[in-house]
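Student: Need a 3D model of the following:
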Amino acid sequence: MAPQITPRRMERIRRVLGWRQKDLTLVLANIHDPHNVSAIYRSCDAFGVAQVHLYYTDTAFPVLGRKSSASARKWVDTVRHSDAQSLMRTLKEDGHRVLATSCTPAAKPLGDYDMTQPTAIIMGNEHSGVAPELVELVDGEVYIPMYGMIQSFNVSVAAAVLLAEASRQRVLAGMYDRPSWPEEELEARIAAWAEK
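Tutor: Predicted coordinates:
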């Protein structure tokens, strides 16, 4: 039996799904701290990211606390990948330009990228960054300009900053003003969310 849903709740589901950006995604690559993963999922939900990709090859996906992450993960789809080729193939087939977070000389500042384009950003491991087998396959490398003594953000903070800039650009382009899915797919998603 389907759960009872109020008109107000249905309207909120419809509104939030209308804001979801199907062509903006993050890849969590061997991020081991459960608090970081949970915070990234919350940022994804907050900025309208519809789907997150998981790439875990040398680190187990962390056990996430129910209170901290269950609510956000419930609203963000997750796709798992076991190797770099399947990850990149999926992202490319969906039309994404793939960027890796990086501090190498090849990296460009966040503001140099047009985040209104279909974009996937790979967030690397807390200690070693994005794995070399992924970096060699990406379309570009991105960094967040910083002006302090410490030249790195916590990975969950970096994810939020990257998504905030993408959201800012997309708001200015009117991309949150219209659903990113065709009507039939949007209605199917609304029906699925109404069951959650």
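
Student: Can you show me the strands along this structure?
Tutor: Per DSSP state E, the chain carries strands over the ranges 21-29, 49-55, 77-81, 97-101, 108-109, 119-123, 140-143.

Student: So which elements touch the lengthiest helix in the chain?
Tutor: As assigned by DSSP state H, the longest helix anywhere in the chain is helix 155-172. Judged by 3 or more C-beta pairs under 8 Å, 6 or more residues apart in numbering; DSSP states H and E, helix 155-172 is in contact with strand 21-29, helix 34-46, strand 119-123. Every residue, glycine included, has its C-beta placed from N, CA and C.

Student: Tell me the buried residues in it?
Tutor: For helix 155-172, burial by neighbour count (16 or more other C-beta atoms under 10 Å) applies to 155, 156, 158, 159, 160, 162, 163, 165, 166, 167, 169, 170.

Student: Next, the angle from that helix to strand 119-123.
Tutor: For helix 155-172 against strand 119-123, the angle between stretch directions is 170 degrees (axes from the mean of the first three to the mean of the last three C-alpha atoms, to 10 degrees).

Student: what is the orientation angle of helix 155-172 with strand 97-101?
Tutor: 140 degrees.
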